[in-house]
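**Q** kindly return the folded structure for what I paste below:
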Amino acid sequence: MNQTAAMLRAQHKRMFFSRGLAFALTSGLCYGLYTAFLTLGETQAPWGTWFAGESALSSFTVIFALAALAAGINDVFSGIWSLSVCAKNGQLTDLRKTVNTKPGRIMMLCALVGGPGATVCYVIALNSATASGNPGVIVPIAALNCAIGAILGRVLLKQKLAAHTVVGIVICLVSAALVGGASFAIAGSGALIGCLFAFLAAFGWGFEGCIAGFGTALIEYHIGITIRQVTAGVLELVVMFPLLTLIGGNGASIPEILRSVIANPSVLIFVISGFFAMPAYSFWYKGNSMCGTALGMACNGTYAFWGPFFIWLILGAFNIGGMSTDYPPLGAAQWIGALVMILGIFVISVNPLSLFAKNRKGEKASESTFVPAAGNTEQGSVGEATANGKQPLYYAIMLHFASGETDCASGVINSLKNGYANHKQLESSNVDEALATAKENGLLDEAGSDVDKDGKLRIWYQMNPFGKQMVDKYVLRAD
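**A** Reported below is the predicted structural model:
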């Protein structure tokens, strides 16, 4: 029985890691698609006319205000897509509850930094580089957020940063430079502004990825990305765009600019970019929370390749944006850079020395098992506010352990089923992943594992002092 539990536990651990890795890698791919369609949208009317200087708009308005407008339209559509997913999952009530809590407000702060801050800087960078004929050049620079996020994860969240992780991050940064290096040779002086703002975007996203990745240990990632995108979109459209337009001296043109954008068919391209922005950010959050900030940010950093690739494919090879004569195809150095980045991700996630150690010493025969103490039988007790469904489901799961319970996923479900009977997310795989994610972020510790009467693995968890501190600070005193 002990050997069976150990085998199932090892399989569970591999599956959890692989799932987190898949989220993180897919976020990078979707980020490349989001970048390409956002760039495409801004090559069409009326954007092309504005950026060509064929309007009465000032240079400040064109560079800064229109970037906020493009970011806002993209994020609003992304927020609408995210809301539709929450509605499908039956999470709108949890979304409303979460917004009024401390973690929800922290997520809004992340949206402030990553939306009006980093995203607007990113769009400014894209626009400046596009004007020089090479929009892909700024993407690898923005991908520096993977290193910044990993460092912040070590400083702010005390996440371990092993020597091989540091080496892997360096490899990813070198490969990012290699991907973009070939573009620098033909980039004009206008790309320098783009590189500067891409660097600012990297800092903003590094902070956001670090904090928001941890936040999804308490906030379900679909809810987290909805809060993020709706908040960012509203701030960019309602605050940043009008304010920057006024500063640029074109305040009277705000209604006409908005009418021109909304009435033009090119707005549908922003619907597509917003669709890809949803998984780009939500899988980024989810991957970071499951893999740790260092690995999650590194995997997301593959957009250093996917961004230039999809920009070239859509705007260049397919000639949708009319840039095939201006934008160079990917060269050998960029393909090599992509392969080197894959190597960097491997080094971040797996210590190469441990592979040789395993070959010499062999695998451990088994892992520890857990035998429930008398009376501890998957029938946990939680507070009234949790049991009657007043808290968002993920908060309720953490509160279940805050009272000192040692329990497994099935025990959590049994304890919460009365107050959350109609909650679509209260099922075995979701709760199991929530507990494993909380453990990955240091809120819970594993007490052991065993096999139930049906031969299914049960992993038992208990809350550690750090988890109790976080629950007391962000959940029990969330209002």
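**Q** measure the spatially most central residue of the chain to residue 203 for me?
**A** With distances taken as C-alpha atoms, centre = their mean, the residue of the chain nearest its centroid is residue 284 (2.2 Å). Distance of residue 284 to residue 203, computed by C-beta to C-beta, to the nearest Å: 16 Å. C-betas here are computed from N, CA, C, even on glycine.
**Q** same check, this time on residue 468
**A** From residue 468 over to residue 203 (counting by C-beta to C-beta), the distance is 32 Å.
**Q** bridging residues for the closest residue in space to residue 401 that isn't next to it in sequence?
**A** Nearest residue to residue 401, sequence neighbours excluded (C-beta to C-beta, 6 or more residues apart in numbering): residue 463, at 4.0 Å. Beta-bridge partners of residue 463, counted by DSSP bridges, are residue 444.
**Q** run through the residues that contact residue 463.
**A** Contact analysis of residue 463 by C-beta atoms under 8 Å, 6 or more residues apart in numbering lists 398, 401, 402, 404, 405, 443, 444, 445, 471.
**Q** now the helix or strand hosting residue 10: buried residues?
**A** Following DSSP states H and E, one finds residue 10 within helix 2-41. Buried residues in helix 2-41, counted by 16 or more other C-beta atoms under 10 Å: 5-6, 8-9, 16-17, 19-41.
**Q** helix or strand right after it?
**A** Using DSSP H and E, the helix or strand that follows helix 2-41 towards the C-terminus is helix 47-51.
**Q** now that following helix: mean pLDDT?
**A** For helix 47-51, mean pLDDT rounds to 89.
**Q** ok, which stretches of the stretch 301-450 of the chain are helices?
**A** Under the criterion DSSP state H, counting those that start in this stretch, the stretch 301-450 of the chain carries helices at the ranges 303-311, 332-349, 352-361, 384-387, 393-402, 409-416, 428-440.
**Q** and those, which one is worst for confidence?
**A** helix 384-387 (a mean of 49).
**Q** so who does the nearest residue to residue 19 once chain neighbours are set aside touch?
**A** Spatial nearest neighbour of residue 19, chain neighbours left out: residue 290 (6.8 Å); criterion: C-beta to C-beta, 6+ apart. Contacts for residue 290 were tallied using C-beta under 8 Å, 6+ apart; they are 16, 17, 19, 20, 23, 24, 296, 433, 436, 437, 440.
**Q** for the residue nearest to the centre of the chain, which non-adjacent residue is closest in space?
**A** In space, residue 284 is closest to residue 27, 4.1 Å off (C-beta to C-beta, 6+ apart).
**Q** you'd agree the one you found is up against residue 297?
**A** No. At 9.9 Å, residue 27 does not count as touching residue 297 under the criterion of C-beta atoms under 8 Å.
**Q** the nearest residue to residue 235 once chain neighbours are set aside and residue 81, how far apart?
**A** Closest residue to residue 235 apart from its sequence neighbours, by C-beta to C-beta, 6+ apart: residue 116 at 4.9 Å. Separation of residue 116 from residue 81 (C-beta to C-beta): 20 Å.
**Q** just want to know which of these two has more residues nearby.
**A** residue 116 (27 against 20; other C-beta atoms under 10 Å).
**Q** my guess is the more buried one meets residue 239, correct?
**A** Yes. If you go by C-beta under 8 Å, residue 116 and residue 239 touch, sitting 7.0 Å apart.
**Q** check contacts around residue 115.
**A** Residue 115 sits next to 71, 75, 228, 231, 232, 233, 235, 236 when contact means C-beta under 8 Å, 6+ apart.
**Q** returning to what we had before: can you flag the buried ones in the contacts of residue 463?
**A** Buried among those by 16+ other C-beta under 10 Å: 398, 401, 402, 405, 443, 444, 445, 471.
**Q** ok, the fifth one to residue 286 distance?
**A** Distance of residue 443 to residue 286, computed by C-beta to C-beta: 16 Å.
**Q** which helix or which strand is home to the nearest residue to residue 64 once chain neighbours are set aside?
**A** Closest residue in space to residue 64, ignoring its immediate chain neighbours: residue 244 at 4.7 Å, by C-beta to C-beta, 6+ apart. Following DSSP H and E, one finds residue 244 within helix 241-247.
**Q** next, the angle helix 2-41 makes with the helix or strand following that helix.
**A** Once helix 241-247 ends, the next helix or strand along the chain (criterion: DSSP H and E) is helix 254-263. Here the directions of helix 254-263 and helix 2-41 differ by 120 degrees (axes from the mean of the first three to the mean of the last three C-alpha atoms, to 10 degrees).
**Q** which parts of the next helix or strand after helix 254-263 are buried?
**A** Downstream of helix 254-263, the first helix or strand assigned by DSSP H and E is helix 267-291. Across helix 267-291, burial judged by 16+ other C-beta under 10 Å covers 269-291.
**Q** so residue 33 sits against residue 309, correct?
**A** No. In this structure, residue 33 is not within contact of residue 309 by C-beta under 8 Å, at 9.8 Å.
**Q** show me how the chain divides into domains.
**A** 7-356, 384-476 (automatic domain parsing).
**Q** which of the ones you listed is buried the deepest?
**A** domain 7-356 (a mean of 21; mean count of other C-beta atoms under 10 Å).
**Q** quick one: that one to chain centroid distance?
**A** With C-alpha atoms, centre = their mean, to the nearest Å as the basis, domain 7-356 stands 9 Å off its chain's centre.
**Q** could you do stretch 4-22 as well?
**A** With C-alpha atoms, centre = their mean, you get 22 Å for stretch 4-22.
**Q** could I have that stretch exported to PDB, CA atoms only?
**A** Output of stretch 4-22 as PDB, limited to C-alpha atoms (Å, rounded to 0.1, in the frame of the first residue of the first chain):
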ATOM      1  CA  THR A   4       1.300   2.300  -4.300                       C
ATOM      2  CA  ALA A   5       0.800   5.600  -2.600                       C
ATOM      3  CA  ALA A   6       4.300   6.600  -3.300                       C
ATOM      4  CA  MET A   7       4.000   5.800  -7.000                       C
ATOM      5  CA  LEU A   8       0.700   7.700  -7.300                       C
ATOM      6  CA  ARG A   9       2.100  10.600  -5.400                       C
ATOM      7  CA  ALA A  10       5.100  10.800  -7.700                       C
ATOM      8  CA  GLN A  11       2.800  10.600 -10.700                       C
ATOM      9  CA  HIS A  12       0.600  13.400  -9.200                       C
ATOM     10  CA  LYS A  13       3.600  15.600  -8.700                       C
ATOM     11  CA  ARG A  14       4.700  15.200 -12.300                       C
ATOM     12  CA  MET A  15       1.200  15.900 -13.700                       C
ATOM     13  CA  PHE A  16       0.900  19.000 -11.500                       C
ATOM     14  CA  PHE A  17       4.200  20.300 -12.700                       C
ATOM     15  CA  SER A  18       3.500  19.400 -16.300                       C
ATOM     16  CA  ARG A  19       0.200  21.200 -16.200                       C
ATOM     17  CA  GLY A  20       1.700  24.300 -14.700                       C
ATOM     18  CA  LEU A  21       4.500  24.200 -17.300                       C
ATOM     19  CA  ALA A  22       1.800  23.900 -20.100                       C
END
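**Q** nothing else from me, thank you.
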